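1. below: sequence and its predicted model.
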Amino acid sequence: MTTLLEMNAIRKAFNGVAALSGASIAIERGEVHALIGQNGAGKSTMIKVLTGVYHRDGGTILFNGAESVLTTPREAQATGIATIYQELNLVPLRSVTENVMLGYEPKRLGTFINWREAHRRTREILMRFGIDIDVKMPLGSYSTAIQQLVAIARAVSLDAKLVIMDEPTSSLDASEVKVLFGVVRGLRDAGVSVLYVSHFLDELFEICDRVTTMRDGQTVGCVKLAETTKLELIAGMLGRDPDEIAQAGMTEFGGGAAKQGEVLLTAQDIATGPRLSKFDMTLHRGEIVGLGGLLGAGRTEAARALFGVDALTRGKITLKGAGAPNSPAEAIRAGLGFLTEDRKAEGIIPGMSVRENLTLALLPKLTRNGQIDRARERQLVQKYIDALGIKTADMEQPIRELSGGNQQKVLLARWLANEPDILILDEPTRGVDVGAKREIQMIIRDYVDRGFGVVLISSEFEELVEGADRIVVLNEGRSIGELKNPGITEHKLVQALAHTDEVTA
Amino acid sequence: MLNSDAFDLRKYVSRNSQSVAVWIALFALIAFGLLRYDNFGGAYNVSSFLNYNSMFIVISMGMCFVIITGGIDLSVGSVAAFTSVVAAYLSPYGLEVALPLAVLVGVAFGALNAFCIIVLRIPPFIATLATMLGAKGGALVISGASTIAVDWGSNFTRMGMEKVFNLFPWSIVIVAIVGVFLWIILETTSLGRTILAIGGGEDASTLMGLKVNRAKALVYLISGGCAGLAGVILASGFGAGQPLEGIAWELSAIASVVVGGTLLTGGLGSIPATVAGALLLGLVFNILNFENGRGTISFSAYWQMVIRGGFLFAVILFQSRMTKGRKAKGATA
């Protein structure tokens, strides 16, 4: 093996604030190399320096044996560096073929696009990844997973030597992840290197060869995954002692210790459509009920039904002895809160300040004679900024300028301030760095201990297993079982899921 | 109403920095006019300028609300033409009857827009385009395609002809009151906050339990009412209902809103900056007229439009450069 990429002592500052101060990484040919670090550690800056989006202030980059002087992403593509972004940069309304071939279409007479050849080549490229789809269909008609694979196929068809994947699995379910991993292994076998950025540490052990850890703009270590543990990686990212973390437990939840209070909510045999066909659950005061299942199992749909977003086609929801809400506004009045999964589309209002974002759902309570009571609003916002440790310049800073973890804390504060009896949390710690994650988990447990109830949805089994007092297991839109803490292990949860697969198969 | 705790001018300016360009341009043009032309600051010019532009200011303010939610209202010009005819017919009953009823007719057109957009789920561009054509045709039908003279015997024409302190026509006084009212709604009420939130993210707003549909309906009602008021001012200022007026007014209004720093995608916007935008566009004409009056150069009305277009472009370019710089700074903070 030889070295494909060597970035040495990279420095980059924005307005005098150092984002990278001596970061290095070396990637071998045909290696899957992981890059991890908390939000703000400098991972994305590092990638953007490499792909020519940012210009470095110092340091050297050697790519493919030559000093790299890339100034635009287009040049990066031409030299063999392809980036698959978290938000896919493809054209969903156009066909798969157009997306794969865009800018490089086979031509007749040097002018007219040869569509037959284009479709044929696209099919051939996709078949190499084991994807057999109709390439004439609009890309947007396929799942996110397929779209992501199409993006990778495009990159590879352009003779990429290095493929950068930024959180590639964050919107994929388990079986899709498997397909993706197959593709990544295929790339490796073909001698293509992959730079793999992910928050899901378990994945790294499955797919990556080596891992580089970053903290505060510097590289803190590069090890083979076979020679490290998850605990050591977390410790490296946090800059803390591994033993200390081991003692504290991996998450801050401590499920199973809760005292059950009165019944807050029951859902009996409810359905809202094909994606939620039969769901039952009960929630008491003082407990966290987890919804376990794979992507598409109906967890988010269940949450939407409870919150009155989607109308019930069958079944009955009882809320504190009364009927079910018909709209989010009614649900909030009845004492519910819903932290949505898609922070960008359904959570934050990007142009609004931290203060305005935090109090949006609270406005009815802060309004007197139609006027917002600004003094009380400020007081309340400051209280939550302090209580949750939200890192913001001041409460007037636009929320889009905050890191993912801090945005999530603002959204959490938005609901906590409303003091709902029942808080539904859909992936509350997704895309959030390890430090903020632990803090958010502590906040949630603290809230439940005060006698409120939480419905928790998480794709991270570890978070569910350790955090929830009970887990309702879902599969293909139906609740199919319940597990009780203490005593739940990841193994048992997986078994519960796997068991149903056999039954339904 | 704006208690000291709620309003901090420096913060207000820094948060609305996208509209800095329009204020600079406005004050520069005023200074230029005052220095160059003797009668620019005179009572006659000020009052006739304000009287004429009060129509554009009021429809721009309504448009600002609509655009903040991410929508658009193309019907305002035709609705103003329609309500000017309605006001002219009602003028014998006096201003106290004609004004509210004509505004109500404007609100009714707004309600039609809101119904199409919210209940029938027709995109705002299409829905208000249809209303624009309908109102225009309607204005021609009810007027028989000719101007309708107002009743000079009633108090109706006082609004456009008489002045407060011998300087401010009643039309601009009424528009100023409406403007302050709309400004307070947008800046200090939960309705205003909801309108801003819808433009920033409609789905997020719905899931937060905000009354999204109510707020969206209200912005079209407000816009329709503003167009109705513009129609009344038109009829009283020119002494006649004008079914053929109002052409391309919606475009002037959109231009004023955009020059004032409001994003067409919604979520951001300010009433004072919109007023500044409308004044700025009016001033360009005013100054060109003065320039023609000096006799040194002469621009035809057509060239005036070209120059206004070029000026608009320059302000928007300047403004987008400024916002870009601000964004780049923010991204790294």
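-> Perfect, thanks for sending it.
2. low-confidence ranges in the stretch 1-150 of chain B?
-> Scanning the stretch 1-150 of chain B for pLDDT under 70 picks out the ranges B:1-18.
3. helix, strand or coil for the spatially most central residue of chain B?
-> By C-alpha atoms, centre = their mean, chain B has its centre lying nearest to residue B:60, at 1.6 Å. Secondary structure, DSSP: H, G, I helix; E, B strand; the rest coil: residue B:60 is helix.
4. ok, and the closest non-adjacent residue to it?
-> Excluding the flanking residues, the one nearest residue B:60 by C-beta to C-beta, 6 or more residues apart in numbering or on different chains is residue B:256, at 4.0 Å. For glycine as for every other residue, the C-beta is placed from the backbone atoms N, C-alpha and C.
5. the one you found touches residue B:271, doesn't it?
-> No. Counting by C-beta atoms under 8 Å, residue B:256 stays clear of residue B:271, with 11.2 Å between them.
6. so those two - more neighbours on which side?
-> Neighbours per residue (other C-beta atoms under 10 Å in any protein chain shown) separate residue B:256 from residue B:271, with residue B:256 holding more: 30 against 25.
7. where's the more buried one relative to residue B:61, distance?
-> For residue B:256, the distance to residue B:61 (C-beta to C-beta, to the nearest Å) stands at 9 Å.
8. common neighbours of these two, please.
-> Common contact partners of residue B:256 and residue B:61 (C-beta atoms under 8 Å, 6 or more residues apart in numbering or on different chains): residue B:274.
9. got the residues of the stretch 151-300 of chain B near chain A?
-> The stretch 151-300 of chain B comes close to chain A at residues B:188-191, B:193-194, B:196-197, B:200-201, B:203-211, B:267-268, as judged by C-beta under 8 Å from any C-beta of the partner chain.
10. what about residue A:314, neighbour count?
-> Residues near residue A:314, counting by other C-beta under 10 Å, number 13.
11. again with the one 5 residues further on
-> Close neighbours of residue A:319, defined as other C-beta under 10 Å, add up to 22.
12. what's the answer for residue B:179, then?
-> Neighbours around residue B:179, by other C-beta under 10 Å: 21.
13. please, which helix or strand holds it?
-> Element membership for residue B:179 (DSSP states H and E) is helix B:170-188.
14. downstream neighbour of that helix in the secondary structure list?
-> Once the chain leaves helix B:170-188, the next helix or strand it forms, by DSSP H and E, is helix B:190-200.
15. just the C-alphas of the helix holding residue B:179, formatted as CSV.
-> Below are the C-alpha coordinates for helix B:170-188, written out as CSV (Å, rounded to 0.1, in the frame of the first residue of the first chain):
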residue,chain,number,x,y,z
TRP,B,170,-55.0,63.4,4.7
SER,B,171,-54.1,60.4,2.5
ILE,B,172,-50.6,60.2,3.8
VAL,B,173,-51.8,60.7,7.4
ILE,B,174,-54.2,57.8,7.1
VAL,B,175,-51.5,55.7,5.5
ALA,B,176,-49.0,56.6,8.2
ILE,B,177,-51.5,55.5,10.9
VAL,B,178,-52.1,52.2,9.1
GLY,B,179,-48.3,51.8,8.7
VAL,B,180,-47.6,52.3,12.4
PHE,B,181,-50.4,49.8,13.2
LEU,B,182,-48.9,47.2,10.8
TRP,B,183,-45.4,47.8,12.1
ILE,B,184,-46.5,47.2,15.7
ILE,B,185,-48.3,44.0,14.6
LEU,B,186,-45.2,42.7,12.9
GLU,B,187,-42.7,43.6,15.6
THR,B,188,-44.5,43.1,18.9
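16. quick one: distance of that helix to the chain centre.
-> 11 Å (C-alpha atoms, centre = their mean, to the nearest Å).
17. what's opposite the residue in the stretch 1-150 of chain A positioned nearest to chain B in the beta bridge?
-> When distances are taken as C-beta to the nearest C-beta, the stretch 1-150 of chain A reaches nearest to chain B at residue A:14, 3.2 Å away. Legend: beta-bridge partners of residue A:14 under DSSP bridges are residue A:17.
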